[in-house]
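[1] have a look at this prediction, sequence included:
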Amino acid sequence: MRSFLILVSFLLFASVLGANQNAIIREVGPATAERRVVLATEPTQFKDALIQEMVRLLNDGNTFIQVINHARNGLDRLDPREYNAVFITNSGATARVRSWVLNFLSRVSQYDQNVILHTTQTTVWTPPVKVDSITSASDMGAVRRLAQEMVDKIKKFF
């Protein structure tokens with residue numbers, strides 16, 4: 001019975017650890033860098049291309065960039081105070097910000113000054129949030145321009 005309880009405890013710990021690891025997509029740059037940025041995304045062709053271009057623009061060897069999947073609970077333990085900037089891109093499904101993104105914004109509302117929210121939506125729409133927000137279509141032809149616009153906003157926090 002004791003072996004069984006140890007095994008169950010180990011599996012529970014491993015699943016929690018694994019779930020957290022699945023949220024981290026990749027890390028670029030030195031972890032000890034003075035400039036620290038989180039790019040939180042969810043997997044779509046457009047968002048993958050946008051984040052890839054943003055990483056390219058931010059990767060100067062002096063910036064730590066952590067790319068996380070917010071759809072896999074990547075925002076659950078995130079503290080914006082540990083970063084210069086937190087960028088979140090999310091789908092504006094049915095003209096709504098994802099519920100877990102809204103929960104994150106509510107949780108960190110006392111210290112969200114460095115959070116930027118990007119929402120993809122095909123109509124003109126202002127998300128009901130207090131942080132800096134940008135809405136765009138998922139236009140693959142605009143990835144470079146949008147990435148530069150987002151990175152310019154991020155760099156204001158450096």
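    Cool, the structure landed.
[2] please count neighbours and contacts with C-alpha atoms only from this point.
    OK.
[3] in three-state terms, how would the residue nearest the centre of the chain be classified?
    In the chain, the residue lying closest to the centroid (Cα atoms, centre = their mean) is Ala40, at 1.1 Å. At Ala40 the chain is in strand, as set by DSSP: H, G, I helix; E, B strand; the rest coil.
[4] that one touches Pro80, doesn't it?
    No: Ala40 is not in contact with Pro80 according to Cα atoms under 8 Å; the separation is 11.8 Å.
[5] shared neighbours of these two, anything?
    Here Ala40 and Pro80 have Val86 as joint contacts, going by Cα atoms under 8 Å, 6 or more residues apart in numbering.
[6] and the next helix or strand past the helix or strand of the chain with the lowest mean pLDDT?
    Lowest on mean pLDDT, DSSP states H and E among the helices and strands of the chain sits helix 2-23, with a mean of 45. Later in the chain than helix 2-23, the nearest helix or strand by DSSP states H and E is strand 24-28.
[7] what packs against that following strand?
    Under the contact criterion of 3 or more Cα pairs under 8 Å, 6 or more residues apart in numbering; DSSP states H and E, strand 24-28 touches strand 63-69.
[8] residues in contact with the strand it packs on?
    22-43, 55, 58-59, 74.
[9] okay, helices next: where are they in this protein?
    With DSSP state H as the criterion, the chain has helices at 2-23, 45-58, 99-107, 143-155.
[10] what helices or strands is the last one leaning on?
    Applying 3+ Cα pairs under 8 Å, 6+ apart, one finds that helix 143-155 contacts helix 45-58, strand 85-91.
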